[in-house]
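Asker: Coordinates only, no sequence provided:
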């Protein structure tokens, strides 16, 4: 008997409103906001650290906690962007353009308030959309077979390569390195070992958590600690009156918040894009639509409202490929995939029907979590602002302590600690050479999915690679993947050729 | 940046070649299906090709910013702080399982405070011990994480 959407959501709220899950949601949004506020490891690093500790929890509570850290981090990142001109995490880079200018003009309070309100509206909007589209997408995905999953993963890694950094070649190199790291260990089909160099510790493959913490956490700490710039907070004390935006601020922000919500959700669905791309696109859109685009960059409230809405809406969109298709399209959702697998849940179109309490429980908790984030971010903004005054040298010690404990607790041995340290040194060198780390981690997680799907597809087709092109969905996705890869490459090439043709030497 | 790009492309090319060398020991095909060496072969060839293109672009194509590699390396206080953090993290990882969580954490945090903030030894050790103890309560007692006892057996 088919269960209606309303009844499913009610089931979800019954799960999310248990005292245990409410506590985990509150803990998650608090941690997420804190991590978003403090420049350092970001939500992905925090999820990586906490992942091993969730093994003792039930699956629903674990994902509620991790998802809360995810969208809590989006809320918190705007605080440092506005008060210090340093983004708490990458999705809040755009908020520095106008948010910090507003703070310098004595309008930090309204900027923070609009960022929080925009995040709340967009976060709620994206969860509503998630509720509405999850079932139809899951139904459509029931027809997906190995060729479709291979094509989805290929689209994900190519998009990550193109969107992560300035150089397509560097992004592609990192994707390939990540895919190669994913081949280490025992081949699950044949049982043979690959690239283990005789080390028993590598038979199970390389753990993602130490590599992620090394590339994002340790490397970030190294880059921050070498900088001798002192943090200057524009304003650290806030009364509730200071936070209240003017009527014209609310009126000017309404349109950008609504547009950012829609844009963010759609971009969150796409591979490799995520919260950072959605916030940039929102900024560009608002500047294009504005009657006074020259105001952007000087303290325009639309430049805060739209991007902050977009980066929060992207979190709801990003949950769809993860929970409904089982293919994560960002580093954070890739970590959550790891958590789901650790708890014995395989994300797929069948997850909603097999584990309805889990799926709708997580969705319902996202509604509740957004309310918690709004409450935490507005009245407590003064506390978050004062935390920014804590010297980074003390924070980095705590971050490293949590990272070491988290990594050690995976397998109770030092091997992973050395992997984390080596990844940190490599990650530091990568940052200096401008190689993006996100494509590497995403590819490492998508790699086994891709390889299994590839081998199963070729088994079905008796070795004929045309199977990826003859099936309509798979063919469309492969074509889209190639388009994503080749269009920027041709674009840059033609720009260079035109540049050479226009140069005086060629005339 | 051209020099950095050239060196990094060369490193990636060497990695790709070594990966292909290891892949050559794996079977590529079994009956009608790809074996364990099939996907790695594709990846190794792709990385080799991409790194060669990057190397050629870095060496032959003009237009990239010429940046001295020395400008990328921190100097003065920044370098000192960096070496302190990396060195202490290395020692922390080395001693974690040997002398145990509590002692290694206390020493790590204390030395970090002394090195980065020039804190007095007494206050650094007091803070380090307090944070290590608090962490023990949270991780071991509350979260039931198994951490090494080391010398405290």
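Answerer: That came through, no problem. Predicted, not measured: the structure shown is a model, and the values here were computed from it.
Asker: Mind checking what secondary structure residue 144 has?
Answerer: Going with chain A. Secondary structure assignment for residue A:144 (DSSP: H, G, I helix; E, B strand; the rest coil): coil.
Asker: if you could check chain B rather than the one you did, that'd help
Answerer: Reducing the assignment at residue B:144 to three states with three-state DSSP gives coil.
Asker: mind checking pLDDT for it?
Answerer: What the model reports for residue B:144 is a pLDDT of 80.
Asker: residues contacting residue A:425?
Answerer: For residue A:425, the contacting residues are A:214, A:218, B:86, taking Cβ atoms under 8 Å, 6 or more residues apart in numbering or on different chains as the criterion. (C-beta placed from N, C-alpha, C; glycine too.)
Asker: mind running it again at 10 Å?
Answerer: Contact criterion Cβ atoms under 10 Å, 6 or more residues apart in numbering or on different chains gives A:214, A:218-219, A:222, B:86, B:89-90 as the residues in contact with residue A:425.
Asker: Write a PyMOL command that selects only the buried members of those.
Answerer: The following PyMOL selection, which keeps only the buried ones among the contacts of residue A:425, applies the criterion 16 or more other Cβ atoms under 10 Å in any protein chain shown:
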select buried, (chain A and resi 214+218+219+222) or (chain B and resi 86+89)
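Asker: how about the contacts of residue A:425 in TSV, adding distance to residue A:260 and secondary structure?
Answerer: Compiled in TSV, the contacts of residue A:425 are given as follows (distance: Cβ to Cβ, whole Å; DSSP: H, G, I helix; E, B strand; the rest coil):
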residue	distance to residue A:260	secondary structure
A:214	33	helix
A:218	33	helix
A:219	30	helix
A:222	34	helix
B:86	40	helix
B:89	40	helix
B:90	44	helix
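Asker: how much space is there between residue A:402 and chain B?
Answerer: Applying Cβ to the nearest Cβ, to the nearest Å, one obtains 8 Å for the distance of residue A:402 from chain B.
Asker: Settle this for me: that residue is touching residue B:139, isn't it.
Answerer: Yes - with the criterion set as Cβ atoms under 10 Å, residue A:402 and residue B:139 qualify as a contacting pair; they are 8.8 Å apart.
Asker: ok now the helix or strand residue A:130 falls within, how far from the chain's centre?
Answerer: Per DSSP states H and E, residue A:130 falls inside helix A:108-141. In terms of Cα atoms, centre = their mean, to the nearest Å, the centre of helix A:108-141 is found 14 Å from the chain centre.
Asker: What of stretch A:473-488?
Answerer: Centroid separation between stretch A:473-488 and its chain, computed with Cα atoms, centre = their mean, is 22 Å.
Asker: Next, the buried residues of it.
Answerer: Per 16+ other Cβ under 10 Å, stretch A:473-488 contains these buried residues: A:473-475, A:477-478, A:480-481, A:484-485.
Asker: Next secondary structure element downstream of the helix holding residue A:130?
Answerer: Sequence-wise, the next helix or strand beyond helix A:108-141 is helix A:146-163, with elements assigned using DSSP H and E.
Asker: what residue ranges in the stretch 351-500 of chain A score low on pLDDT?
Answerer: Confidence mapping of the stretch 351-500 of chain A against pLDDT under 70 gives the ranges A:488-500.
Asker: Can you list the residue ranges for helices in it?
Answerer: A:351-354, A:356-377, A:381-387, A:392-411, A:415-432, A:438-460, A:467-470, A:472-502 (DSSP state H, counting those that start in this stretch).
Asker: May I see the ones you listed arranged in CSV, with distance to residue A:127 as well?
Answerer: Rendered in CSV, the data for the helices of the stretch 351-500 of chain A read as follows (distance: least, Cβ to Cβ, whole Å):
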stretch, distance to residue A:127
helix A:351-354, 15
helix A:356-377, 5
helix A:381-387, 23
helix A:392-411, 28
helix A:415-432, 33
helix A:438-460, 24
helix A:467-470, 34
helix A:472-502, 26
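Asker: Nearest to residue B:72, out of these?
Answerer: Nearest of the helices of the stretch 351-500 of chain A to residue B:72, taken as Cβ to Cβ: helix A:415-432 at 4.6 Å.
Asker: angle of the closest one against helix A:392-411?
Answerer: With axes from the mean of the first three to the mean of the last three Cα atoms, to 10 degrees as the basis, helix A:415-432 and helix A:392-411 are set at 130 degrees to each other.
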